[in-house]
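Novice: Coordinates only, no sequence provided:
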Ligand SMILES: [Zn+2]
């Protein structure tokens, strides 16, 4: 629901506020349009819990993992198909199983974040950052463990 034009003008009467687009000072404007950049203005009610930093960090971790694991899985499967199955050593099968598992975990985490964003928004900002950082570290640790397991097994 957007604000009425008169409410915008009344709010800015005698009050300094920067245009959210161009930073022009909107003090005492006569219509809800920035005189500098020409964009329409409206009043909104917001909350610090809607800051995009924690949400972006939370989304980046499983997105990166999903992209990396998905592409690596696809390449591995294509190599297996092209080689007629000759590349499917026990190590390669373990690798594929690990990639499928990581891809599923990333997909579930990403789907939960997107589909249940309301729950994320309702968290305190501090808890949003904690969850986002935990996801980021968790994704890193899972992939580092996978790499160590592959190295310990002597490669693929
Ligand atoms: Zn402007």
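Specialist: Structure received. What you are looking at is a predicted structure, and each value in this text was computed from that prediction instead of being measured.

Novice: Please make it C-alpha for all contacts and neighbour counts, starting now.
Specialist: Will do.

Novice: What strand or helix carries the residue nearest the centre of the chain?
Specialist: Centroid check for the chain by CA atoms, centre = their mean gives residue 59 as the closest residue, at 2.3 Å. Assigned by DSSP states H and E, residue 59 belongs to helix 52-82.

Novice: mean confidence for that helix?
Specialist: If you average the pLDDT over helix 52-82, you get 92.

Novice: For this protein, what lies in contact range of the ion?
Specialist: Applying CA under 5 Å from the ion, we find that the chain lies next to the ion at 19, 21, 22, 34, 37.

Novice: mind listing which of the residues you listed are in strands?
Specialist: Of the residues of the chain next to the ion, none are assigned to strands by DSSP state E.

Novice: List only buried entries from those residues.
Specialist: For the residues of the chain next to the ion, a burial check counting by 16 or more other CA atoms under 10 Å picks out 19, 34.

Novice: Closest one of the residues of the chain next to the ion to residue 94?
Specialist: Distance to residue 94 across the residues of the chain next to the ion (CA to CA) is lowest for residue 21, with 51.4 Å.

Novice: Now do the same for residue 2: its pLDDT.
Specialist: For residue 2, the pLDDT comes out at 70.

Novice: Find the nearest non-adjacent residue to it, please.
Specialist: Counting by CA to CA, 6 or more residues apart in numbering, the nearest residue to residue 2 once its immediate chain neighbours are dropped is residue 42, at 6.3 Å.
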